[in-house]
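Chemist: The following block contains a protein sequence and its predicted model.
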Amino acid sequence: MRQIVLDTETTGLDPQDGHRIIEIGCVELIDRRLTGNNFHRYIQPDREIDAGAVDVHGITTAFLADKPRFAEVAEVLLRYLEGAELIIHNAAFDVGFLDYELSRWRDGAPRVSDLCEVTDTLAMARRLHPGQRNSLDALCKRYAVDNRHRDLHGALLDAEILADVYLAMTGGQVAFCLGGEPSADPAQGAERRHRGRIDPNRPPLPIVRAEPQALAAHAERLRAIQEASPEGCVWLRMMVRNGLEAE
């Protein structure tokens, strides 16, 4: 199961007003584990950046002067995204900008929905927490994801933080410690996770397989969720998409 957590920064709020993408950040998850195979590009937009946008992300026109244009990174980006499930907070915003950039790139270019399934974590959070604030900062606080190092928005940093939030929202483990106690400083733990590096000298992890009774209980639980939820069981949907069967 390959998922890409994606975020963009832009020159303004609406591509219909000619605003452009200036940063793309992507974090790869395979089977709900960070792989470190991330994608990050700054992009020259060929236009000025709104002052309000600079206040949010701190990226200036001068900084982008020598950066590639979208057309120069489009092929690599599409190869990276193709076939993955995209995890995006407020997906309509980022997908709208990506589709706009792709349409400018060349005639007949695919839309994001042609390449990927898109999961919107904002819509997911609103279902889980109706009537509450569901910004990325609010979700970090709710799920105890450290974001103290986030002074300004940044596409890669926000994608890394959203990956932790998404795993917490969907019941996954965001970090664990082998051979010692977790760091007392949450920022250090976040820094280790966000580097995406794995010690090549670590011993192999043991494989612990579930007993048949546990597998049967798990399958029964998935069926109960499928029947109780109006939208069905996400895990079962993922298993079907990947050609697997519940035990």
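Modeler: Ah, there it is.
Chemist: Surely I87 is in contact with Y166?
Modeler: Yes: under the criterion of CB atoms under 8 Å, I87 makes contact with Y166 at 5.2 Å. The C-beta positions use only the backbone N, C-alpha and C, and glycine is treated the same way.
Chemist: Look up the residues that both of the two are in contact with.
Modeler: Common contacts of I87 and Y166, defined by CB atoms under 8 Å, 6 or more residues apart in numbering, comprise V5, T121.
Chemist: Quick check: longest helix in the chain by residues?
Modeler: Counting by DSSP state H, the longest helix found in the chain is helix 212-228.
Chemist: buried sites along it?
Modeler: L222, Q226 (16 or more other CB atoms under 10 Å).
Chemist: Could you export that helix as CSV, CA atoms only?
Modeler: Provided in CSV are the C-alpha atoms of helix 212-228 (Å, rounded to 0.1, in the frame of the first residue of the first chain):
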residue,chain,number,x,y,z
PRO,A,212,-5.6,-18.0,14.0
GLN,A,213,-8.0,-17.0,16.8
ALA,A,214,-6.6,-13.4,16.7
LEU,A,215,-7.0,-13.3,12.9
ALA,A,216,-10.6,-14.5,13.1
ALA,A,217,-11.4,-11.9,15.8
HIS,A,218,-9.8,-9.2,13.6
ALA,A,219,-11.9,-10.2,10.6
GLU,A,220,-15.0,-10.2,12.7
ARG,A,221,-14.2,-6.7,13.9
LEU,A,222,-13.7,-5.4,10.4
ARG,A,223,-17.1,-6.9,9.4
ALA,A,224,-18.7,-5.2,12.3
ILE,A,225,-17.2,-1.8,11.3
GLN,A,226,-18.3,-2.4,7.7
GLU,A,227,-21.9,-2.9,8.8
ALA,A,228,-21.9,0.0,11.3
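Chemist: packing partners for it?
Modeler: Packing partners of helix 212-228 (3 or more CB pairs under 8 Å, 6 or more residues apart in numbering; DSSP states H and E): helix 234-241.
Chemist: re the thing from before, what is the distance between the longest helix of the chain and the centre of its chain?
Modeler: 28 Å (CA atoms, centre = their mean, to the nearest Å).
Chemist: Roughly how far does the residue located most distally from the centre of the chain sit from E220?
Modeler: Distance to the chain centre peaks in the chain at Q213, reaching 34.4 Å (criterion: CA atoms, centre = their mean). Q213 is 11 Å from E220, where distance means CB to CB, to the nearest Å.
Chemist: what's the answer for G52, then?
Modeler: Distance of G52 to E220, given as CB to CB: 52 Å.
Chemist: what's the answer for E117, then?
Modeler: On the measure of CB to CB, E117 and E220 end up 27 Å apart.
Chemist: same deal with T119?
Modeler: The separation that T119 has from E220, given CB to CB, amounts to 26 Å.
Chemist: where along this protein do the strands fall?
Modeler: 2-10, 21-30, 33-34, 39-42, 85-88, 117-120 (DSSP state E).
Chemist: can you give me the mean pLDDT across the first one?
Modeler: Taken as a whole, strand 2-10 has an average pLDDT of 98.
Chemist: now swap in the fourth one and tell me
Modeler: When pLDDT is averaged along strand 39-42, the result is 98.
Chemist: CA-only coordinates of it, as CSV, when you get a sec.
Modeler: C-alpha atoms of strand 39-42 as CSV (Å, rounded to 0.1, in the frame of the first residue of the first chain):
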residue,chain,number,x,y,z
PHE,A,39,9.9,14.5,-3.2
HIS,A,40,10.6,18.2,-2.7
ARG,A,41,10.9,21.1,-5.2
TYR,A,42,10.8,24.9,-5.2
